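*Asks:* Give me coordinates for this.
(one chain, ligands or ions: 2)
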Amino acid sequence: MKALHVQNLTKQFGDLTAVNGVNFFVEYGEVFGFLGPNGAGKTTTINMLIGLARMTAGTISVMGHSYPDALKMAQREIGVVPDESNLYDEMSGLENLTFCASLYGIPRKDSEPRALDLLHQFDLHDVKDKAFKAYSKGMKRKLTIAAALIHKPSLLFLDEPTSGIDVASARQIRYELKELNQNGTTIFLTTHYIEEADRLCDRIAFIVAGDIVRTGTVTELMQYHESEQSVEFTLDQPLGDLSSIQEAFPQTAIEKAGERSLRIRSVQSVDLLPFMRYFDHVGLQVYEARILRPSLEDVFVNVTGIEAEKMKNNQRGAHR
Ligand SMILES: Nc1ncnc2c1ncn2[C@@H]1O[C@H](COP(=O)(O)OP(=O)(O)OP(=O)(O)O)[C@@H](O)[C@H]1O
Ligand SMILES: [Mg+2]
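*Replies:* Numbering: from 1, shown residues only. Ligands and ions are numbered 1, 2, ... in the order given. Alright, predicted model coming up:
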């Protein structure tokens, strides 16, 4: 049994297909991430998974409970961190947490120590009695996560957990999510930060315009990309014209990478030895030969055709 099993999940808003028949699963104990740009369908998907939005078609099974019949049962076992906080402005941090606990029927005598623990864990103990509205963005996000954990869910959903907050809070959130996962919580999150997906997720789905265009572990996603290989040579002298070396190795694409370095790209793996012989033959010394590993960013750009810069400039809620 999977923690989450989704088949042919579709959401139509009038003529617009926001989520286009996606299929994926999340194993118990995994951190699974949806990585995609603005408007890709991340929030729409999460909203269907947590029972907040009705699906147009498809099936969702959460820890063996199928929607829509077992929605209530599944909801007791899941925690939700929405992209916009769902907490109360006028209540203090502590009051917000104990209020959330009461929604799960947790009695005050149990909820208060649990809430205080969470406030400590997220470094919010000093501001526990301040009104939520007085919190910084980072503090708000941390309290929203703490609130989602109050009933110790075994599956946690987070929609862009570190988007639009300060670097220190984002780091702390990533750290806490790792900790939670190590202690057994399964995590489904969305992000438009390639780095974040890389650091946090065991497996990633690239989602673009309602479609999952690729799914895999970071290693698997890299392997696919590694069918194209790059090697960079640094030499002792500046290179002259590249046409003769290009002629000698017609199966590769050769370009200047610096004054004394050149990059060789090939669809097959690059055999270094013939190049070393060539350089020796023309009287050039090789200082360094380096196989260039692609980054997840390269893979993402390659697979989706979306520029990495565009993802970085992505703002929450800024729909094109
Ligand atoms: N309630 C709605 N009514 C109509 N269209 C909607 C609605 N909610 C979302 N959409 C559209 O569905 C598509 C997917 O939106 P969604 O919010 O799921 O994207 P997202 O991946 O979460 O983007 P972001 O990174 O900006 O949060 C977009 O084209 C959006 O405009
Ligand atoms: Mg969204």
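
*Asks:* In this protein, what residue lies closest to ligand 2?
*Replies:* Closest contact between the chain and ligand 2, by Cβ to the ion, is at T43 (3.1 Å). Glycine gets a C-beta too; all of them are placed from N, C-alpha and C.

*Asks:* how about that residue, what does it touch?
*Replies:* Residues counted as contacts of T43 (Cβ atoms under 8 Å, 6 or more residues apart in numbering) are 83, 159, 190.

*Asks:* which SS state does L119 fall under?
*Replies:* Assigned with DSSP: H, G, I helix; E, B strand; the rest coil, L119 falls in the helix class.

*Asks:* and the gap between it and ligand 1?
*Replies:* For L119, the distance to ligand 1 (Cβ to the nearest ligand atom, to the nearest Å) stands at 28 Å.

*Asks:* what about that residue, how many residues close to it?
*Replies:* L119 has 20 neighbours, counted by other Cβ atoms under 10 Å.

*Asks:* Please tell me how far the closest residue to H125 other than its chain neighbours sits from T98.
*Replies:* Distances taken as Cβ to Cβ, 6 or more residues apart in numbering place L119 nearest to H125, at 4.6 Å, with adjacent residues excluded. Distance of L119 to T98, given as Cβ to Cβ, to the nearest Å: 11 Å.

*Asks:* just L272 next, same as before
*Replies:* Distance of L272 to T98, computed by Cβ to Cβ: 64 Å.

*Asks:* picking that back up, ok, of the contacts of T43, which one's closest to T17?
*Replies:* Nearest to T17, judged by Cβ to Cβ, of these is T190 at 18.1 Å.

*Asks:* Any residues of the stretch 51-200 of the chain in contact with ligand 1? List them.
*Replies:* Contacts of the stretch 51-200 of the chain with ligand 1, taken as Cβ under 6 Å from any ligand atom, map to H192.

*Asks:* Count the residues that sit near the closest residue in space to E160 that isn't next to it in sequence.
*Replies:* Distances taken as Cβ to Cβ, 6+ apart put D83 closest to E160, at 5.2 Å, once the chain neighbours are dropped. By the criterion of other Cβ under 10 Å, D83 has 19 neighbours.

*Asks:* D83 against D159, yeah?
*Replies:* Yes: with contacts counted by Cβ atoms under 8 Å, D83 reaches D159, the gap being 4.1 Å.

*Asks:* quick one: low-confidence parts of the stretch 51-200 of the chain?
*Replies:* Residue ranges of the stretch 51-200 of the chain with pLDDT under 70: 69-70.

*Asks:* Would you map the helices across it?
*Replies:* 71-75, 93-103, 108-121, 137-148, 167-182, 194-200 (DSSP state H, counting those that start in this stretch).

*Asks:* Can you check which of these gets nearest to F25?
*Replies:* helix 71-75 (15.0 Å).
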